[in-house]
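Engineer: sequence first, then the predicted structure:
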Amino acid sequence: MQREILKYARNTLQPMFETFSRSWEITKQTFRVINADREILLYPVVSSIISIIFFVVMVFPFIATGLVSEILSRDAGAFLFWVTLFGFYLGVSFVATFFNVATVYCANKRFHKGNPTFTEGLKEAFKRIHLIFLWSLVSATVGILINSLENSAKKSKGISRVIISAVASLVGMAWSIVTLFVIPAIVIENVGPVDAIKRSAQTLKKTWGESLIRHFGLGAAQGMFSFAGFFFLLAPAIVSLVFFQSILMFAVLMALFIIYIVIVSLVFSTANTVFNTALFVYAKTGKIPGFYSKDTMKHAFKAEKK
């Protein structure tokens with residue numbers, strides 16, 4: 001009995017350990033790309049700053065929708081709200097896509113032994129501004145549809161609420177998976193949103209075996225860094241407040257913790273974009289992108305059935 005339990009545990013855990021081992025290698029190799037072009041880390045920083053400013057500006061139109069509801073009618077206010085919400089989704093999507101395009105361009109050029117610059121990435125993004133806008137329109141439309149489903153779920157009761165909520169979650173998840181390689185397709189193949197979705201789906205079919213597990217691998221590394229922040233910053237902050245009643249120390253450590261978590265999130269967001277680009281390049285050309293090993297790319301794609 002004991003042997004069977006040990007055998008079962010070994011057979012169950014060994015593939016898991018092998019998968020995470022490959023995922024950790026992916027994380028290390030991706031960070032080598034980022035280390036070669038550290039300026040690409042500025043893209044998510046600038047993107048976040050612009051998004052925050054845009055969010056603050058959009059507060060006023062949302063306030064206006066409430067005033068319209070009171071002064072004119074609820075229907076007019078509701079219509080203005082959805083128009084404003086669409087504009088918000090469109091703006092946020094446009095900013096994120098623009099800087100992701102710059103990141104993908106720089107990563108792809110580095111894969112081919114080029115030496116891209118920060119401004120060069122921005123120039124290439126501006127060259128594709130029309131494609132970025134079209135994709136942002138599609139993304140915003142889908143975002144509004146998912147938001148509508150979620151609102152319908154909140155207003156529903158009983159089994160209807162459960163079903164609509166589940167549909168909204170599934171649609172959102174399916175959309176995020178299918179569009180995983182859209183930005184690399186826009187940059188590398190210079191195609192519009194419809195063709196980019198097709199290219200993304202084609203690449204996804206090739207990478208289905210390990211492509212989703214790799215995100216957990218990058219997420220595991222991110223989790224390790226986040227835990228370090230908890231251990232060295234958040235936990236001491238709580239201790240300083242509870243046991244020593246030091247509000248100043250608590251505030252300082254909490255501020256450092258928040259800054260640390262934001263930095264970790266931005267770095268790993270860039271890492272995901274870089275690796276998606278590497279996968280797309282390999283799927284398209286069959287050549288190993290620079291900084292990645294043959295074994296990494298081989299195991300990132302599902303094995304052909306014999």
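Structural biologist: That came through, no problem.

Engineer: got phi/psi on Asn115?
Structural biologist: Main-chain torsions, Asn115, degrees, to the nearest 10: phi -130, psi 80.

Engineer: who touches it in this structure?
Structural biologist: Lys109 (Cβ atoms under 8 Å, 6 or more residues apart in numbering). Every C-beta, even on glycine, is put in place using the N, C-alpha and C of the backbone.

Engineer: now the most centrally placed residue in the chain: which helix or strand?
Structural biologist: Centroid-nearest residue in the chain: Ser269, 5.7 Å away (criterion: Cα atoms, centre = their mean). Assessed by DSSP states H and E, Ser269 sits inside helix 247-285.

Engineer: tell me where the stretch 1-150 of the chain has helices.
Structural biologist: Secondary structure of the stretch 1-150 of the chain (DSSP state H, counting those that start in this stretch): helices at 2-36, 42-71, 74-111, 118-127, 129-155.

Engineer: save those as JSON lines, and put in mean pLDDT, mean neighbour count and distance to Val178 too.
Structural biologist: Converted to JSON lines, these look like this (pLDDT from 0 to 100; neighbours: other Cβ atoms under 10 Å; distance: least, Cβ to Cβ, whole Å):
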{"stretch": "helix 2-36", "mean pLDDT": "69", "mean neighbour count": "14", "distance to Val178": "21"}
{"stretch": "helix 42-71", "mean pLDDT": "90", "mean neighbour count": "14", "distance to Val178": "23"}
{"stretch": "helix 74-111", "mean pLDDT": "93", "mean neighbour count": "20", "distance to Val178": "16"}
{"stretch": "helix 118-127", "mean pLDDT": "96", "mean neighbour count": "16", "distance to Val178": "23"}
{"stretch": "helix 129-155", "mean pLDDT": "93", "mean neighbour count": "16", "distance to Val178": "10"}
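
Engineer: quick one: low-confidence ranges for the stretch 151-300 of the chain?
Structural biologist: 208-217, 300 (pLDDT under 70).

Engineer: Val104 is in contact with Ile183, isn't it?
Structural biologist: Yes. In this structure Val104 lies within contact range of Ile183 using Cβ atoms under 8 Å: 5.4 Å.

Engineer: so what sits against both of the two?
Structural biologist: Joint contacts of Val104 and Ile183 (Cβ under 8 Å, 6+ apart) are 273, 276.

Engineer: rewinding a little: could you dump the following helix or strand past the helix holding Ser269 to PDB, C-alpha only?
Structural biologist: The C-terminal neighbour of helix 247-285 among helices and strands, as given by DSSP H and E, is helix 294-300. The C-alpha trace of helix 294-300 is given here as PDB (Å, rounded to 0.1, in the frame of the first residue of the first chain):
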ATOM      1  CA  LYS A 294      15.900  25.100 -28.500                       C
ATOM      2  CA  ASP A 295      14.600  23.000 -25.600                       C
ATOM      3  CA  THR A 296      12.500  25.900 -24.300                       C
ATOM      4  CA  MET A 297      10.800  26.500 -27.600                       C
ATOM      5  CA  LYS A 298      10.400  22.800 -28.300                       C
ATOM      6  CA  HIS A 299       8.600  22.200 -25.000                       C
ATOM      7  CA  ALA A 300       6.500  25.400 -25.400                       C
END
